[in-house]
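**Q** A structural model of the following input is requested.
(3 chains)
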Amino acid sequence: MRTIRQVFAVTALNLRNLPQRLASSAVAVVGVGAVVLVFAAVLSMAESLQRTMLSTGADDAAVVMRSGSTSELNSTLLNDQVLIVANAPGVLKDGDRPVMSAELYVVTDIRKRSNNTDANVPFRGVQAGAFDVRDNVRITEGRMFEPGKNEIVVGQAAQSEFVGLDIGQSIRFGQIEWAVVGTFEAGGSVSESELWTDVRVLQSAYRRGNSFQSVRVRLESPESIETLRQALDEDPRIDPDVLTERDYYSSQSQGLVQFIKIVGYPLTILMAIGAVFGALNSMYSSVSVRGKEIATLRALGFGPTAVLISTIVESVLLALVGGLLGGLLAYLVFNGFQASTLNGVSFSQVVFNFAVTPELLGQGLKAALAIGVAGGLFPAVRAARLPVAQALREL
Amino acid sequence: MSEILATLTGVSKSYRKGKETVEVLHNLDLEIPSGDFIAIMGPSGSGKTTLLNLLGGLDKPTSGTVRVGDAEISSMSNNKLSHWRSANIGFIFQFYNLLPVLTAQKNVELPLLLTSLGGKERTNRAQIALDVVGLGERARHYPRELSGGQEQRVAIARAIVSDPALLLCDEPTGDLDRETADEILKLLQILNREHGKTIVMVTHDARAAGYANRSMICDKGSLEHREAT
Amino acid sequence: MKYVGFVWKNVWRKKIRTSLTILSVLVAFLLFALLSAIGYAFKSGADAADAERLVVIDKVSLINPLPIAYRDRIATTEGVRSVTYASWFGGYYQDPRVQFPQFPVDPYEYFSMYPEFEIPRERLDAWANNRQGAVLGRELAEQFGIEVGDRMPIQATIWTKADGGRTWEFDIEGIFENEDPRSSSAFLLFQYDYFDEARAFGKGTVGWYVLRVAPGSDPVQVGNAIDAQFANSPNETETSTEAAFAQSFAKQLGNIALIVTLILGAVFFTLLLVSGNTMSQSVRERINELAVLKTLGFSDGAMLGIVLAESITIMLIGGLLGLGIGWIVVQGAAQAMGACLPGIFLSPQAMGTALVIMLGAGIVAGIFPAVKAMRLSIVDALARA
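**A** Numbering: from 1, shown residues only, chains lettered A, B, ... in the order given. This next block holds a predicted model:
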């Protein structure tokens, strides 16, 4: 009890003369703030990308591609093969029609609003079943494209990220003009980065004959994936990869997310180390400025433990203030910030929104706390060990 | 003079200065009777302050023992010493060492934070201590608003607020003009005579030493007694 | 120069504080080195691009193939000295997660188009004489432990063979080198003739053309002439310089560059604060020493110089150490992950920039304390002591 009381007394004193050490304390605060800002930026980038990619994937939908294709872009399926997949066991039927969509996936160059350069925008040809296979997709504005016409509907994210995709505009790829007739949302998923049109129209525009790249089917239940996979594996006419939509998108996002983590984490850790040095410096100078005060307190009978703990408390408080400021800044700057980047696996743009979530900020604060403790510990030990007689003499 | 308050037996103290070892006190024996007021004089580097620090438990002897009251402080742990100091010793420094962020009263109250007293009682006692040193009116002033003599009075109030038996003063008038110094010394005399405080004061001012009951000259670590005038 | 010893002593007056400051500067410049090396990789070697080389791709998208018949029409366009072609194969060796490019090309044409890649003449001949032969870059050969004479099966993700197989087996006939550290040699080349004959679909097309303009011709005009030739055909083209082509990839990575810049900004801001604070602290503590120096007759300029030199010294020690460590790390990383992150390189320009920043930061951090020291009033300073 006595020690706790002393800790409070000494800490209160420390904090009361903080204004005299404003500069070095501010350095510690800003240093930690910068770490938390970068930490939150990197983490939210990785997590938002992952969330965008993974929220696309359902467990009860399957993507069928030619075996060995790492992405839809690389795959080819002929019309006969599509029919085999559609009629395979495990596929959900609406009456006697299987719930499915055979799709063609190409990329086309459209300018980005942000830097005015061409980017690979994914352009998907779908069948009517596309909206039944994916249950989170719906038209929010305008109307659906008419089959057989050069009309497209665009994902919300694509619309705000790229030039010329507003409803009523028309956009030219090669020799063909496409009319933008509608906007769709897809629950914040990667589909919102895409342009959709009738698959037949896209086949002829890109001279793909009667070939597709993937078939998406609705499964009777998540477990039916095994039934479907087994049936297709046994069929000699087709050599497919069968993945749940979730597995497919998680494999698509792995490379990108991993890259951000491999590059981002070491950078953040390095920065955190830098911030520990900053905090150490400011706490050492705090201890040396307060040398006289600490010695006086010790002469009055305050214990070394109280001095030790109060120094750590000061450091932690400074770090927490920095952490809160950094987190707040990260939230203001990055939350809802729309970004897009090239996903190497699908060779096309993914548009995603940064989300600086409370959990993420919590992790940032934990990091700040750790920096505060690390930065305060050694100076605190020095403060507690300060030889009182000598410190008093040196004044 | 009745019982003995503090005893130093065979106390030596040496410091390492770079590669050399400097012996500041050598095999010193000293008894301080309860209720005494001793001035310790001597040239710089003669070990006066070291002696004071040993008595106050701020420093430990290289050899020998230091007893104050019932406690043998030369063998106590640092933590125990802190606690012991808060109850038994009052320090008065040349440069007052008040905390600039606290008012006079809060400065005086500081040692009471180490006791189990409640807030009201602490304020009360701090006020009494300030009254004793004649600064009851200045309780709410900050150190920068006080004169040097007033600051030293606050420091003295802080030293006596926990009612310690022994006051240790290191050049308490070293930074003050003669008139103010006399006032401070008279105050110490009052504390000694009327409140029964035992006082050990280090000074190199012979006039200051004159206020004490007796003086000792500290030189090369040995003490030479001189009776009071 | 006579103050060097004095400045050095002052730098180390407070060992812990100076060490901590140097360490934070070190970390900042280590970060700078790593980020600029990665940034370099993002630019996909745009700096190493040959200004006389142009790339011709399909106007709608790079993924659309161009007819092989375009080759002769490009070759006869005015201002074109030579032309060759390549395609994207998109396969993998053993592990699908380890990606590296493979290009079906014409052996002699390719190496004469890219003189920076060096291969012994007899290895090139041996490859040209073996339809199923392939050559690969040194980085890749070392990563996979492959030598000349080995057989290397590549799994196709796009190009199935006419017989339905997905495994393409190649005889490794040679290993080529690239002395320029700015661009990568982590790829594999094999014969287009074999590729076109064996693939199941897409016959008669290539991915893109690369051409070299004749000396004295304007690359922009040549590019426009080529694109004009194919306008209104089913395969319109877009011709750009190699550098612009490489940059378009970098730009596709988009806002990541912005975030990298932001990190750098945050780091340097913090760095300046830390060292500026150290400097002003050390001046504050020394006010009366500095006053004594002035009493002894040191000029205002000398005072300014002494304090500035101290701050610049601290920056340089930390900065150069950080840059040095960064250089070692980048060298190591270039060797260890050459295939998955090709082209990471700490360019001389980046190091020059770092040096300028060190000096600049040293001046900015030291200038206020230095001016304070210069303007010091002796009487006040000594009185304060």
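**Q** using CSV, list the CA coordinates for stretch B:20-28.
**A** This file holds the C-alpha atoms of stretch B:20-28, laid out as CSV (Å, rounded to 0.1, in the frame of the first residue of the first chain):
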residue,chain,number,x,y,z
GLU,B,20,42.8,6.0,-7.5
THR,B,21,41.0,5.4,-4.2
VAL,B,22,40.6,8.4,-2.1
GLU,B,23,39.9,7.9,1.6
VAL,B,24,37.7,10.7,2.9
LEU,B,25,37.0,9.4,6.4
HIS,B,26,39.4,7.3,8.3
ASN,B,27,38.6,5.2,11.3
LEU,B,28,36.2,7.8,12.8
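**Q** what does it contact?
**A** Contact with stretch B:20-28 is made by B:8, B:10-16, B:45, B:47, B:50-51, B:54, B:61, B:64, B:220-223, as judged by CB atoms under 8 Å, 6 or more residues apart in numbering or on different chains. For the C-beta atoms, the positions are set from N, CA and C on the backbone; glycine is no exception.
**Q** now do the helices in the stretch 151-300 of chain C.
**A** For the stretch 151-300 of chain C, applying DSSP state H, counting those that start in this stretch gives helices covering C:192-198, C:219-229, C:242-252, C:256-285, C:287-295, C:300-336.
**Q** could you do chain A as well?
**A** A:2-16, A:22-54, A:79-86, A:130-133, A:156-161, A:199-205, A:224-234, A:245-289, A:291-300, A:304-334, A:358-385, A:388-393 (DSSP state H).
**Q** out of those helices, nearest to residue A:193?
**A** Comparing the helices of chain A against residue A:193 with CB to CB, the closest turns out to be helix A:156-161 (5.1 Å).
**Q** tell me what the closest one is packed against?
**A** With contacts defined as 3 or more CB pairs under 8 Å, 6 or more residues apart in numbering or on different chains; DSSP states H and E, helix A:156-161 has these neighbours: strand A:176-185, strand A:338-343, strand A:348-353.
**Q** what residues does the helix ranked longest in chain B touch?
**A** Secondary structure assigned by DSSP H gives helix B:178-195 as the longest helix of chain B. Outside of helix B:178-195, the residues within contact range by CB under 8 Å, 6+ apart are B:35, B:37, B:132-134, B:147-149, B:152-153, B:156, B:160, B:167, B:169, B:172-173, B:176, B:197-199, B:201, B:205, B:207-208, B:211, B:213.
**Q** next SSE after it?
**A** strand B:198-202 (DSSP states H and E).
**Q** which other residues reach that following strand?
**A** With CB under 8 Å, 6+ apart, strand B:198-202 has contacts from B:5-6, B:32-41, B:48-49, B:51-52, B:55, B:165-172, B:188, B:191-192, B:208-209, B:212.
**Q** those residues of the stretch 101-250 of chain C touching chain B, which are they?
**A** The stretch 101-250 of chain C comes close to chain B at no residue, as judged by CB under 8 Å from any CB of the partner chain.
**Q** could I get the full set of strands for the stretch 101-250 of chain C?
**A** Residue ranges of the strands in the stretch 101-250 of chain C, as given by DSSP state E, counting those that start in this stretch, are C:102-105, C:117-118, C:133-137, C:151-156, C:167-178, C:188-191, C:205-206, C:208-213, C:237-241.
**Q** could these go into JSON lines alongside mean pLDDT and mean neighbour count?
**A** Shown next, in JSON lines, are those (pLDDT from 0 to 100; neighbours: other CB atoms under 10 Å in any protein chain shown):
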{"stretch": "strand C:102-105", "mean pLDDT": "94", "mean neighbour count": "23"}
{"stretch": "strand C:117-118", "mean pLDDT": "90", "mean neighbour count": "16"}
{"stretch": "strand C:133-137", "mean pLDDT": "94", "mean neighbour count": "24"}
{"stretch": "strand C:151-156", "mean pLDDT": "92", "mean neighbour count": "16"}
{"stretch": "strand C:167-178", "mean pLDDT": "93", "mean neighbour count": "19"}
{"stretch": "strand C:188-191", "mean pLDDT": "95", "mean neighbour count": "25"}
{"stretch": "strand C:205-206", "mean pLDDT": "94", "mean neighbour count": "22"}
{"stretch": "strand C:208-213", "mean pLDDT": "93", "mean neighbour count": "22"}
{"stretch": "strand C:237-241", "mean pLDDT": "88", "mean neighbour count": "21"}
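**Q** please produce a markdown table containing the ones you listed, extended by distance to chain A.
**A** Converted to a markdown table, the strands of the stretch 101-250 of chain C look like this (distance: least, CB to the nearest CB, whole Å):
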| stretch | distance to chain A |
| --- | --- |
| strand C:102-105 | 13 |
| strand C:117-118 | 23 |
| strand C:133-137 | 19 |
| strand C:151-156 | 6 |
| strand C:167-178 | 9 |
| strand C:188-191 | 17 |
| strand C:205-206 | 11 |
| strand C:208-213 | 14 |
| strand C:237-241 | 8 |
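**Q** would you reformat those strands as TSV and include distance to residue B:110?
**A** Shown next, in TSV, are these (distance: least, CB to CB, whole Å):
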stretch	distance to residue B:110
strand C:102-105	78
strand C:117-118	78
strand C:133-137	74
strand C:151-156	78
strand C:167-178	73
strand C:188-191	78
strand C:205-206	86
strand C:208-213	80
strand C:237-241	76
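**Q** any low-confidence regions in chain A?
**A** Along chain A, the model assigns pLDDT under 70 to residues A:1-2, A:393-395.
**Q** hang on, the earlier thing: which of the helices and strands packed on helix A:156-161 sits most buried?
**A** Ranked by average neighbour count under the criterion mean count of other CB atoms under 10 Å in any protein chain shown, those are headed by strand A:348-353 at a mean of 25.
**Q** residues touching it, excluding its own?
**A** With CB under 8 Å, 6+ apart, strand A:348-353 has contacts from A:48-49, A:51-53, A:73, A:107, A:119-122, A:155, A:157-158, A:160-161, A:188, A:190, A:192-193, A:256, A:336-343, C:252, C:254.
**Q** one step back: dump the helices of the stretch 151-300 of chain C to TSV, plus mean pLDDT.
**A** Supplementary listing: the helices of the stretch 151-300 of chain C in TSV, determined by pLDDT from 0 to 100:
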stretch	mean pLDDT
helix C:192-198	94
helix C:219-229	90
helix C:242-252	74
helix C:256-285	73
helix C:287-295	70
helix C:300-336	86
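**Q** do you know which of these lies nearest residue A:16?
**A** Closest approach to residue A:16 among these (CB to CB): helix C:256-285, 20.6 Å.
**Q** report the secondary structure state of the residue in chain B that chain C sits nearest to.
**A** Relative to chain C, the nearest point of chain B is residue B:95 (13.7 Å; CB to the nearest CB). The local conformation at residue B:95, judged by DSSP: H, G, I helix; E, B strand; the rest coil, is coil.
**Q** my guess is it meets residue B:176, correct?
**A** No. If you go by CB atoms under 8 Å, residue B:95 and residue B:176 don't touch, sitting 10.8 Å apart.
**Q** ok, these two, which is more surrounded?
**A** Per other CB atoms under 10 Å in any protein chain shown, whichever of residue B:95 and residue B:176 has more neighbours is residue B:176, with 21 against 17.
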